[in-house]
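Colleague: my questions concern the predicted model and sequence given below.
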Number of protein chains: 2
Amino acid sequence: MTRVAHATPTAEPVAARPVFVGTTFLSDPPRQLVLADGFRFHHGDTLAPFAIVYETFGLLAADASNAILVCHALSPGAHAAGKYAETDAVAGWWDGLVGYGKGIDLAQYFVVCVNFPGSPWGTTGPATIDPATGAPYGSAYPEVTVEDMVEAQRRVADHLGIRRFAAVIGASLGGMEALMWTALHPERVGALVCMAAAAAVPVASVAWHLIGRKLIEADPAFRGGDYYGQASSLRGLQLARMVGHMTYLSPPALERKFGRRRRGGTRQFEVDSYLEHQASKFAVAYDANSYIRVQAAMDEMDLEEQFGTLGEAFAGFRARALLVSFTTDWLFPSAEMGRVAAALREQGARAEHVDIATPNGHDAFLVDCDLITPLVREFLAAR
Amino acid sequence: MTRVAHATPTAEPVAARPVFVGTTFLSDPPRQLVLADGFRFHHGDTLAPFAIVYETFGLLAADASNAILVCHALSPGAHAAGKYAETDAVAGWWDGLVGYGKGIDLAQYFVVCVNFPGSPWGTTGPATIDPATGAPYGSAYPEVTVEDMVEAQRRVADHLGIRRFAAVIGASLGGMEALMWTALHPERVGALVCMAAAAAVPVASVAWHLIGRKLIEADPAFRGGDYYGQASSLRGLQLARMVGHMTYLSPPALERKFGRRRRGGTRQFEVDSYLEHQASKFAVAYDANSYIRVQAAMDEMDLEEQFGTLGEAFAGFRARALLVSFTTDWLFPSAEMGRVAAALREQGARAEHVDIATPNGHDAFLVDCDLITPLVREFLAAR
């Protein structure tokens, strides 16, 4: 979420020996794949040219057999792990899981993370200048689908010469992308790791998402999406983020972290101050047009609706799968991963579902890397 | 929530023989108690004159021993039961529990329901004309507390000559009012029935409430509270209601009622259409100034903070208590009623906690009257 994710893409060769800052390594700058002919969205629109920003971590084996695709979720980008420079305040968003000696061990695996279409983090997005008008795409940027996210990842895989990933891994929306891979390109998925996700967002979570989008649209400063250069930060996006943020947390975690405490000397609840602070940071960095498109993509994905049944969706997938849920995740309740596991098993895949006990809600996939690490490590080792 | 609650107050005598429309009786019109000297709010402001609107149901015994106070929650008013006229589309908000032959049997009990200060339903509120300015109080209307709600109820009780209520009963915010009665006037509470409430709103629910209030305040048409005559309905209030509405429902209830179904022939989720429809109705009828004050009153109540410990708050109460929670109510989780029951027992009260299994979330106190009725009936009969 920091602007550092906008570092200029490069084509320099991958550094052979990683340099470390504590347990975090220095990662390569983002790269970009420019599609001169453009990118055709699932719903039919084409934007040209179209730049797909991605990052890679570790070294690709000569036979490209050690590549793992890590799919990112709504708010982060391609910078999954490492720091660009020692002075970076924070490392990549899944640095707890991806790194040298970590759950996804870069000493063994080559990790690819692709910033998906619609995101504000480098790939041609709503804020990108439309060469035809000289102004940002804004409201004219197409509707985005999870299929588009997978397609962008597929283009990068082809570009890197990766025919089949050793594993496709993601959590939250990233987990939904991973499921979409097994449905669209099962032959390219060596193994699946999907966390805190579902084959379709459950209705209660759809409703929270819809409310968030309505908050953005209700902000007059949003101007239907054509607000660039008008406002540095939208209150509507801040409010949407607060709603979103709440769905990532759990009541027990809030109880432990804040309770009903007030900020010293004031009547303001600490939780209020926290939500405002986080929302304010988010709304400065993130793009409201991206928010509504990416979240809508999540809500519109429904493998059952799209393929008839979950069985049909997973019919081509016979490899191993690890489905992980978190007991206090009420955005994607554990039963959803259970359903996916059952449907995969019915199709002949070796699917294991692990429900991790944690108070950290949906955010557990970021917070509880210590609990996830042994699961992922053993799953990958057993391939 | 219908405008019918604004029927003109009267001082006519109580009808002796109820007239029925099906199982629902025709209730008396609202009454009002006008305090010429005004009402002094807990935080120090006084508004004068001040009209308190209330309704009564059934007949008060000569010794006033059969009076039950029913406390209303955020959105309804004093019209707890019955219809004013046969043509009314809906009956009072707790008609499932209060009536002749019902859980709170009007053949035996005299029920009082007082519209609390801050509400838009008749009692002097933010939309009332300030005689000093000739304009609505608007943003100048005082901050409201649960103590103010109890005080208005106490004034009506004194006016009606009710020294001690056979029972004080409420759910949600109404349940918090009932708890506040046991803390402030324990000698006047013959028995306590408190449902779907807590001695303080838990932090996760505080956060949802705060977000709702921010949505109203972010609407430029709200004008800091001085919007009367400007807008017929505020989008900010609609959005706040959607957030509120979601906290009253449960994921299983949403799953059963809507699932991921779309409205016929469109891509709009049914749940979206439902939330918009309900919010739109609410925002036409309810007052945004009332909403922010009444909900803040809820969040600010904290018996532990105000009395040192729950034990201190309940120290004067030795009567019987029935605490009811609902398994899928995540706004006021069952554990909160359990804590209240334990604290009451420690002080020598005979407190029973019943956790009702239902998919209907916080709304269960309105929806599941069939499950509540036997509990309340037996509890009252055993006095």
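Modeller: Yep, that arrived.

Colleague: ok, residue A:319 - how many residues close by?
Modeller: 20 (other CB atoms under 10 Å in any protein chain shown). (C-beta placed from N, C-alpha, C; glycine too.)

Colleague: quick one, what contacts it?
Modeller: By CB atoms under 8 Å, 6 or more residues apart in numbering or on different chains, the contact set of residue A:319 is A:186, A:189-192, A:349-350.

Colleague: now do the strands in the stretch 1-150 of chain A.
Modeller: A:20-21, A:24-25, A:31-35, A:39-40, A:46-47, A:50-57, A:67-71, A:98-99, A:104-105, A:110-114, A:129-130, A:135-136 (DSSP state E, counting those that start in this stretch).

Colleague: who wins for neighbours among the contacts of residue A:319?
Modeller: Of the contacts of residue A:319, with other CB under 10 Å as the count, residue A:192 tops at 28 neighbours.

Colleague: which element is that one on?
Modeller: Using DSSP states H and E, residue A:192 sits in strand A:191-195.

Colleague: that strand pairs with which strands?
Modeller: Partner strands for strand A:191-195, per DSSP bridges, with pairing direction: strand A:167-171 (parallel), strand A:320-326 (parallel).

Colleague: got the ones you listed as JSON lines, with mean pLDDT and mean neighbour count columns?
Modeller: JSON lines is the format used below for the strands paired with strand A:191-195 (pLDDT from 0 to 100; neighbours: other CB atoms under 10 Å in any protein chain shown):
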{"stretch": "strand A:167-171", "mean pLDDT": "98", "mean neighbour count": "29"}
{"stretch": "strand A:320-326", "mean pLDDT": "98", "mean neighbour count": "26"}
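
Colleague: with distance to residue A:135 added, can I get the ones you listed in JSON lines?
Modeller: Formatted as JSON lines, the strands paired with strand A:191-195 follow (distance: least, CB to CB, whole Å):
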{"stretch": "strand A:167-171", "distance to residue A:135": "33"}
{"stretch": "strand A:320-326", "distance to residue A:135": "43"}
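
Colleague: looking at those, which is nearest to residue B:201?
Modeller: Closest approach to residue B:201 among the strands paired with strand A:191-195 (CB to CB): strand A:320-326, 25.3 Å.

Colleague: which of the helices or strands spans the residue of chain A most remote from its centre?
Modeller: For chain A, the largest distance from the centre (CA atoms, centre = their mean) belongs to residue A:265, which lies 39.1 Å off. Of the helices and strands defined by DSSP H and E, none includes residue A:265.

Colleague: counting neighbours, what do you get for residue A:155?
Modeller: For residue A:155, the neighbour count with other CB under 10 Å is 17.

Colleague: just to revisit the earlier point, now do the strand holding residue A:192 and strand A:67-71, the angle between them.
Modeller: For strand A:191-195 against strand A:67-71, the angle by axes from the mean of the first three to the mean of the last three CA atoms, to 10 degrees is 20 degrees.

Colleague: contacts for strand A:191-195 next, please.
Modeller: Under the contact criterion CB under 8 Å, 6+ apart, strand A:191-195 has outside partners A:166-172, A:175-176, A:178-179, A:181-182, A:317, A:319-326, A:337, A:340, A:344, A:349, A:365, A:372, A:376, A:379-380, A:383.

Colleague: near chain B, which residues of chain A?
Modeller: A:200-204, A:206-208, A:210-211, A:214-215, A:218-220, A:235-236, A:239, A:242-243, A:246, A:249-251, A:254-255, A:258-260, A:267, A:269, A:271-272, A:275, A:299-300, A:302, A:305, A:330, A:333 (CB under 8 Å from any CB of the partner chain).

Colleague: can you list the domains in chain A?
Modeller: Per the record, chain A has its domains at A:3-202+A:306-381, A:205-297, by automatic domain parsing.
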